[in-house]
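> Build me a structure from this.
(2 chains)
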2 protein chains.
Amino acid sequence: MTLKGKLTGDNVLLEKNAIEELHNKSYYGRPKGDNLEVSLTESAFLIYMEKIRVEFEGKEIDFEDFFLKASSLLKNFELFYIVYKDMRERGYYVQPGVTGFRVYPRGGHPGKTPAEFFIFVTSERIPLLLSQLRTHLETVENLKKRLVLAIVDEESDITYYEVKKITLKGTYKLILGKKLSTAILLEDRVMVWNPDASLALQKDGFYGKPMDEGHLQLSLIESCYLLKKGILDIENKNKEVLDFDSFSKSASDIESNFMVKYSVYEKLRNEGLVPKTGFKFGTHFRVYKNIEKIEKIEKNDDKIKLPHSDYLVHAIEEDHVFSLQQLSRAVRLANSVRKEMVFGTVDSHVDFFIIGRMRL
Amino acid sequence: MTLKGKLTGDNVLLEKNAIEELHNKSYYGRPKGDNLEVSLTESAFLIYMEKIRVEFEGKEIDFEDFFLKASSLLKNFELFYIVYKDMRERGYYVQPGVTGFRVYPRGGHPGKTPAEFFIFVTSERIPLLLSQLRTHLETVENLKKRLVLAIVDEESDITYYEVKKITLKGTYKLILGKKLSTAILLEDRVMVWNPDASLALQKDGFYGKPMDEGHLQLSLIESCYLLKKGILDIENKNKEVLDFDSFSKSASDIESNFMVKYSVYEKLRNEGLVPKTGFKFGTHFRVYKNIEKIEKIEKNDDKIKLPHSDYLVHAIEEDHVFSLQQLSRAVRLANSVRKEMVFGTVDSHVDFFIIGRMRL
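Here you go, the predicted structure:
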C-alpha cells in the first residue's frame, strides 16, 4: 500500500494510517496530531522504496524531483541520504537528527531499547576540528552512546569510524633511579659515551639506539625526559650544562612542536608505557603496553628486540584540525599493521582517544 | 696495523702507507700526493674500527672528541656517519660526496664497476622540496645511477627509499563514444538519473557508484572528464548547462586543488588506466592498470567488483614540499596493501614518479 503525504517546509506530513504502517511497525517519523511527520531523508528513502507518494504544491513529485528539492532545502542532504540508506539496508533502525542519526542496536528499536550509536555524518572534503569532535564525544558519552563518524568520500562510499576516549596504562616500572652519566647534545640528537650508562639505559629503560658498542644515541624527547627525571645530565658542545628549560628550548628550536610531542611522551612514560619513534609509520610514536625488564642482554648484541607494539600515538594540540584524508591514512595504516591509532591531545593535561575503522 | 694521520681543515691526511692499506684494498679516501686524504665521515669510521689514529694540533684525539669536532665542522655529520657506517657494515663500498654517497653494487668497487646508487642523506626533520628531489633525480639519472633517499629518524634509525620516474600505461580502451545523457550537479557530486546511461557508464567505463537501481553518483572529477570527452552533459540545479570551464570553476570552489587532481586523473585515463578514489588509503587515487570491459553485469547487482588496484597516486604541484613523516606514512601504507606509491606532478604536463621502500 502506498501512503500519501505532502512536502511542507522541511518535512513531509503523511496521512493518518502512516502512523500504524510506518511508525509503529518500522519506526519512521514522529506522530504529529493525526499525521506522521517524516524528515526529508526518510521521505526520499520511502519514495524510493515505493512506500509513499509525495505532493508538493498540489502536484505529485517523483524521486528525482524530490531528491533535487531536498538537496536545496537541507545542507548535506546527499550525504545524509547515502548514510541513512546504507544503515537502513543493513537492517538498523535509525532516527534522523540535526547533525546525524541515532541508531538502535541490532534487534533493538525505539521504545524497546535505547539507541546505541550516534552517527555523525560528514564528507571527506570537510575538515574536522578537534574541538568539534570533543563536543560530539562529550554529548554522546553523557547519553551513554557510542560515537561513530560516517565519512562519505567523493565517490559516495562510506567509511565508518568509532571514536572513543581511552586511558592508557602499561606495566613498565622505572627502575633507573640514580644519576647515570652526562650526555652531550649534538646537532639534533644526544650521545651517551659511557658504556655502562649506555647499557643501563637500553636494558632497563628501552631508551636510545646504540651507535656502536658502548655508545648510545638518544632522541631529543628521550633525553629531555631522562634529564627531567634526574637520570641524565646533559651538556652542549661547549660543555655547558643544560637544565630542563634550556634543553627544551634548544629542542623546540630544532623541532617547533617539540613540547607538544614531549607532553604526550612524558604522560605515556609516566603511565608505564614505552614509546619509541613512530617514524616508519608516519606518526609520532609507536607504543608498547607490556614491557618488562629484559633480563639478559649480550654485550655484543647491539639490538634489543622489542615485541609487537600496540598503539600508534600522534600528539596534537587543542586547535588541531583533522584532514579526513590524513585521518583515513593514519587509521588504515595502524590497522594494517595490527595497531590501534591513538591521538594524544595536549592542553593543561594530556588526554587520549582512539579512532578505529568500524564494521557495522 | 694502526695508521697515523692529521686533522687539517675538513679532512684527515693519512701517512703514505695508508694508500696501499686503506685505499687500494678497501677504497677509502683519495690519494693526494704522498698522502691519503679521507673525509671526516670516513675518518670517524676508521678511528672507530681502530684502523687509524688522528692528531689535531699535535695531540691525538679519541673517537669521542673526533666525533664532536667533526660534528662542529660538517653540517649533518651525525646523519652522514650513521648512514655511512650502516652501508659499510652491509658490505658496500661507499664514496662520500657533498650531499650524500656514491655506492657501488655488491661485488663491485671503484675502478672495477661504476657506482650503482647515489644516496641522498637527510633527516626526518628536514622538509623535502619536490624541486630538490627533481634536481637529484635528473642528476642521478644523467649519470645512469639509481637515487636512494636515506632518511634518519629521531632515534637514528634509517629508512631507505628508492625514487624513480615512471611511465604509467594501462589497457583500458574508452569505448563510450556518443553522448549518453544529461547529469545534474548537486551539492558536491553529480547524479545520473537515466538507467541506461548509468549502466553504460559503470559497465563500460567503471565510472561512478550506483546510489540505487538505475541511479548513478559520479564524483566531480569523473563528471568533469566525461563532460570534456563529450560523453555527458551536465546541468546545475537550475537546469543551466555547464561547459568545461564553468563546471571546473564550480568544482574548484568546492575543492581548491581540484584542477591539480583533475590533471592527473585525465592523464591516467588518457593513458588507459582506471583511477578511482583513494580516500580509504588517504590518497587521491587508487589506480587499476589492466582493466578490460566487464562483459556481463546483472541489472540487480549494483556492485561491480574491480580487481586489486596497482597504484596509489597522489597529485602534487610543482612547489610541493614533502613532510618526510607524511611520505613515510604514504609509502608504508601503499606497501602494506601491496600497491606502489606514485606521485603525479602537475606543471605544464603531468609526470609520475614512484617512491618505494628499499631493502639494501
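
> now the strands for the stretch 101-250 of chain A?
A:117-123, A:128-129, A:146-152, A:158-166, A:181-185, A:190-192, A:209-212, A:215-218, A:232-235, A:241-242 (DSSP state E, counting those that start in this stretch).

> of the ones you listed, which approaches B:I119 most closely?
For B:I119, the closest of the strands of the stretch 101-250 of chain A is strand A:209-212, at 18.6 Å, according to CB to CB. Where C-beta positions appear, they are placed from N, C-alpha and C, glycine not excepted.

> picking that back up, I'd like the strands of the stretch 101-250 of chain A laid out as JSON lines, including distance to A:G33, mean neighbour count and mean pLDDT.
As requested, those are exported to JSON lines (distance: least, CB to CB, whole Å; neighbours: other CB atoms under 10 Å in any protein chain shown; pLDDT from 0 to 100):
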{"stretch": "strand A:117-123", "distance to A:G33": "28", "mean neighbour count": "23", "mean pLDDT": "95"}
{"stretch": "strand A:128-129", "distance to A:G33": "39", "mean neighbour count": "16", "mean pLDDT": "96"}
{"stretch": "strand A:146-152", "distance to A:G33": "33", "mean neighbour count": "24", "mean pLDDT": "97"}
{"stretch": "strand A:158-166", "distance to A:G33": "35", "mean neighbour count": "17", "mean pLDDT": "96"}
{"stretch": "strand A:181-185", "distance to A:G33": "75", "mean neighbour count": "21", "mean pLDDT": "94"}
{"stretch": "strand A:190-192", "distance to A:G33": "74", "mean neighbour count": "26", "mean pLDDT": "96"}
{"stretch": "strand A:209-212", "distance to A:G33": "72", "mean neighbour count": "20", "mean pLDDT": "90"}
{"stretch": "strand A:215-218", "distance to A:G33": "72", "mean neighbour count": "25", "mean pLDDT": "95"}
{"stretch": "strand A:232-235", "distance to A:G33": "75", "mean neighbour count": "20", "mean pLDDT": "96"}
{"stretch": "strand A:241-242", "distance to A:G33": "75", "mean neighbour count": "16", "mean pLDDT": "96"}
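
> Output these in JSON lines; the columns should cover distance to B:L149.
Rendered in JSON lines, the data for these read as follows (distance: least, CB to CB, whole Å):
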{"stretch": "strand A:117-123", "distance to B:L149": "35"}
{"stretch": "strand A:128-129", "distance to B:L149": "32"}
{"stretch": "strand A:146-152", "distance to B:L149": "32"}
{"stretch": "strand A:158-166", "distance to B:L149": "31"}
{"stretch": "strand A:181-185", "distance to B:L149": "26"}
{"stretch": "strand A:190-192", "distance to B:L149": "24"}
{"stretch": "strand A:209-212", "distance to B:L149": "20"}
{"stretch": "strand A:215-218", "distance to B:L149": "20"}
{"stretch": "strand A:232-235", "distance to B:L149": "30"}
{"stretch": "strand A:241-242", "distance to B:L149": "32"}
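
> and these as CSV, adding distance to chain B?
As requested, the strands of the stretch 101-250 of chain A are arranged in CSV below (distance: least, CB to the nearest CB, whole Å):
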stretch, distance to chain B
strand A:117-123, 7
strand A:128-129, 14
strand A:146-152, 8
strand A:158-166, 6
strand A:181-185, 7
strand A:190-192, 7
strand A:209-212, 5
strand A:215-218, 4
strand A:232-235, 11
strand A:241-242, 15
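
> looking at these, which is closest to B:K165?
Distances from B:K165 to each of these were compared by CB to CB, and the smallest falls on strand A:158-166, at 32.6 Å.

> What is the closest one packed up against?
If contacts are counted by 3 or more CB pairs under 8 Å, 6 or more residues apart in numbering or on different chains; DSSP states H and E, strand A:158-166 sits against helix A:77-89, helix A:130-142, strand A:146-152, helix A:324-336, strand A:350-357.

> Okay, now the sheet partners of it, with direction.
Strand pairing for strand A:158-166, using DSSP bridges, gives strand A:146-152 (antiparallel), strand A:350-357 (antiparallel).

> Go ahead and name everything in contact with that strand.
A:82-83, A:86, A:119, A:133, A:136-137, A:141, A:146-153, A:327-328, A:331, A:342, A:351-360, B:279-280 (CB atoms under 8 Å, 6 or more residues apart in numbering or on different chains).

> Drop anything exposed from those residues.
When neighbours are counted using 16 or more other CB atoms under 10 Å in any protein chain shown, the contacts of strand A:158-166 contain these buried positions: A:82-83, A:86, A:119, A:133, A:136-137, A:146-153, A:327-328, A:331, A:342, A:352-356, A:360, B:279-280.

> hang on, the earlier thing: export the helices and strands packed on strand A:158-166 to TSV and append columns for distance to B:K261.
TSV is the format used below for those (distance: least, CB to CB, whole Å):
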stretch	distance to B:K261
helix A:77-89	20
helix A:130-142	26
strand A:146-152	17
helix A:324-336	11
strand A:350-357	24
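
> show me what contacts A:C224?
Neighbouring residues of A:C224 by CB under 8 Å, 6+ apart: A:244, A:247-248, A:251, A:262.

> How about the contacts made by the residue in the stretch 151-300 of chain A positioned nearest to chain B?
Of all residues in the stretch 151-300 of chain A, the one sitting closest to chain B is A:G282 (2.2 Å; CB to the nearest CB). When contacts are counted by CB under 8 Å, 6+ apart, A:G282 touches A:329-330, A:333, B:325-330, B:332-333.

> Among the residues you listed, give me the pair with the biggest separation.
Of all pairs drawn from those, the greatest distance, 13.8 Å, lies between A:A330 and B:L327 (CB to CB).

> hang on, the earlier thing: between the strands of the stretch 101-250 of chain A, which one is closest to B:K59.
Minimum separation from B:K59 across these (CB to CB) falls at strand A:181-185, 19.7 Å.

> Okay, domains of chain A per the record?
Listed domain ranges for chain A are A:1-74, A:181-317 (source: automatic domain parsing).

> what's the closest of the ones you listed to B:V190?
In terms of CB to CB, the element of these nearest to B:V190 is domain A:1-74, at 11.9 Å.

> measure the closest one end to end?
28 Å (CA to CA, to the nearest Å).

> related to what we said a few turns ago, mind checking which of the helices and strands packed on strand A:158-166 is nearest B:Y28?
Closest to B:Y28 of the helices and strands packed on strand A:158-166, according to CB to CB: helix A:324-336, at 40.6 Å.

> is chain B contacted by the closest one?
Yes. Helix A:324-336 lies in contact with chain B when judged by CB under 8 Å from any CB of the partner chain; the contacting residues are A:324-330, A:332-333, A:336.

> Mind listing residues that contact that helix?
Counting contacts by CB under 8 Å, 6+ apart, the residues outside helix A:324-336 that touch it are A:122-128, A:151, A:159, A:161, A:281-283, A:311-312, A:314, A:340-341, A:355-357, B:279-283, B:326, B:329-330, B:332-333, B:336-337.

> List the contacts of A:L46.
Remark: with contacts taken as CB under 8 Å, 6+ apart, A:L46 is in contact with A:22, A:28, A:38, A:52.

> A helix includes it, no?
Yes. Assignment of A:L46 by DSSP: H, G, I helix; E, B strand; the rest coil places it within a helix.

> Show the pLDDT at it.
We have a pLDDT of 97 for A:L46.
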